[in-house]
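K.L.:
3D model of this:
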Amino acid sequence: MLIRRIERFLRDTGMPWTKFGRLAAHDPRFVGDLRNGRTPRPDTAKRIEHFMNTYSETSRAD
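P.N.:
Below you'll find the predicted structure:
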């Protein structure tokens, strides 16, 4: 489930959920909306997954 993966990402990186929403979805309320039951469109979910994958790879390289 996407929200679980996002929550793990937030915990692992220490990133605030509003910053994640701004960077990954251009919507600071994105994570809050997911927590309240919002279901993202498939293309949005794919974009979010891509953001987390590339962010993780970049931060590991540092």
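K.L.:
helix or strand right after the one helix or strand F9 maps to?
P.N.:
Element membership for F9 (DSSP states H and E) is helix 2-13. The first helix or strand that comes after helix 2-13 along the chain, using DSSP H and E, is helix 17-25.
K.L.:
buried ones in the following helix or strand past that following helix, by neighbour count?
P.N.:
Downstream of helix 17-25, the next assigned helix or strand under DSSP H and E is helix 30-35. Of the residues in helix 30-35, F30, V31, L34 count as buried by neighbour count, 16 or more other Cβ atoms under 10 Å. In short, each C-beta sits where N, CA and C put it, glycine included.
K.L.:
how about residues contacting the helix holding F9?
P.N.:
Applying Cβ atoms under 8 Å, 6 or more residues apart in numbering, the external contacts of helix 2-13 come out as 15-17, 20, 31, 34-35, 40, 45, 48-49, 52, 55-56, 59.
K.L.:
of these, grab the buried ones for PyMOL.
P.N.:
Typed into PyMOL, the line below selects the buried ones among the contacts of helix 2-13, using 16+ other Cβ under 10 Å:
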select buried, resi 15+17+20+31+34+40+48+52+55
